[in-house]
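**Student:** Structure for the following, please:
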Amino acid sequence: MTLLIFFSVFTLACGASALNQYQERATDALMERTRNRPVPSGRMVPGKALVIVAPLILSGLMSLYVAFGLTTLLLGLCALLLYNGIYTGMKAKSAFAAAPGALIGAIPPAIGWAAAGGPLSDPRLLSVSLFFVIWQIPHFWLFLLRYGVEYENAGLPSITLLMGRKQIERVVFHWLSVTALCGPLLCLFGLGRSAVVQYSLIAASAWLVIRGIGFVRNGAAASPVFRSLDKYVLLVVALLVSDRILMP
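**Tutor:** Sure thing, here's the model as predicted:
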């Protein structure tokens, strides 16, 4: 079952990503970071991209429905609506599109939870989903500190046009701190039952906050903090998985 749910979500995510690149081909062609993607670079015509998109999305959705039922199908459709509908559309209009876009992070764990027969109202799922929503805010803002100029040159709204760097750094620090707080709080909802996992979560969260303090005080480059945040999220997931082994 684990491999099947992985295949279904991965295939759906690939289709959504490909559709996003089709939707944003004009602005992607204007940014150094994205101009070499297949469609904006001209290596693939837009129509051919859609031919690839359709079977990926359909196979992902159908495998969810056939193997795991209607709830997982609806969650998959919700992810597509949020990502390719609301989020992609808002990126061209608002510098704060990351806020609704972050909600997409709540859906993959919910799909896995529903596929395993768990209720979507379970506090454990809600706490994990909240964690995956929260961390994406500082993730995206750190990303914009590095690539905000490219967004501006492509005519896309960016927070770098609305705030100074120091303001953005302070906002990012607060979001990093909230993310770090959400890690250990997972234990209050029945996750991370092992003492080793609990102390490891606290230590990892303290490390992330320290990285954030250094970022604000020293005006360090965004990229190292960006990588630290990603490492923290990966570590939290690994600890939650190991907890199931330590405390079956």
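**Student:** any low-confidence regions in the chain?
**Tutor:** In the predicted model of the chain, residues 248 satisfy pLDDT under 70.
**Student:** Walk me through the domains of it.
**Tutor:** 1-95, 121-248 (automatic domain parsing).
**Student:** Mind putting those into a markdown table with mean neighbour count and distance to Ile111?
**Tutor:** No exception for glycine: its C-beta is placed from N, CA and C like everyone else's. As requested, those are exported to a markdown table (neighbours: other CB atoms under 10 Å; distance: least, CB to CB, whole Å):
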| stretch | mean neighbour count | distance to Ile111 |
| --- | --- | --- |
| domain 1-95 | 17 | 5 |
| domain 121-248 | 17 | 11 |
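**Student:** Pro46 reaches Val39, doesn't it?
**Tutor:** Yes - assessed by CB atoms under 8 Å, Pro46 is found in contact with Val39 at 5.9 Å.
**Student:** Need the overlap of contacts for the two.
**Tutor:** Tyr22, Arg25 (CB atoms under 8 Å, 6 or more residues apart in numbering).
**Student:** the helices in the protein, which residues?
**Tutor:** 2-23, 25-28, 38-41, 46-68, 70-80, 88-91, 98-102, 107-115, 123-134, 136-153, 165-185, 195-218, 222-246 (DSSP state H).
**Student:** Same list (those) but as JSON lines, adding distance to Ile159.
**Tutor:** Formatted as JSON lines, the helices of the chain follow (distance: least, CB to CB, whole Å):
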{"stretch": "helix 2-23", "distance to Ile159": "20"}
{"stretch": "helix 25-28", "distance to Ile159": "17"}
{"stretch": "helix 38-41", "distance to Ile159": "24"}
{"stretch": "helix 46-68", "distance to Ile159": "29"}
{"stretch": "helix 70-80", "distance to Ile159": "25"}
{"stretch": "helix 88-91", "distance to Ile159": "12"}
{"stretch": "helix 98-102", "distance to Ile159": "9"}
{"stretch": "helix 107-115", "distance to Ile159": "25"}
{"stretch": "helix 123-134", "distance to Ile159": "17"}
{"stretch": "helix 136-153", "distance to Ile159": "6"}
{"stretch": "helix 165-185", "distance to Ile159": "6"}
{"stretch": "helix 195-218", "distance to Ile159": "16"}
{"stretch": "helix 222-246", "distance to Ile159": "12"}
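**Student:** Distance of Leu181 relative to Leu75?
**Tutor:** 27 Å (CB to CB, to the nearest Å).
**Student:** What about Pro110, how many residues nearby?
**Tutor:** Check again: residue 110 is Ala, not Pro. 22 (other CB atoms under 10 Å).
**Student:** Assess the claim that it and Leu74 are in contact.
**Tutor:** No - counting by CB under 8 Å, Ala110 stays clear of Leu74, with 10.3 Å between them.
**Student:** any idea how far Cys187 is from the closest residue to Gly148 other than its chain neighbours?
**Tutor:** Nearest residue to Gly148, sequence neighbours excluded (CB to CB, 6 or more residues apart in numbering): Thr160, at 3.3 Å. Distance of Thr160 to Cys187, given as CB to CB: 37 Å.
**Student:** Ok, Glu150 next?
**Tutor:** 40 Å.
**Student:** May I have the residues that are in contact with Leu145?
**Tutor:** With CB under 8 Å, 6+ apart, Leu145 has these contacts: Thr160, Arg165, Ile168, Glu169, Val172, Ala222.
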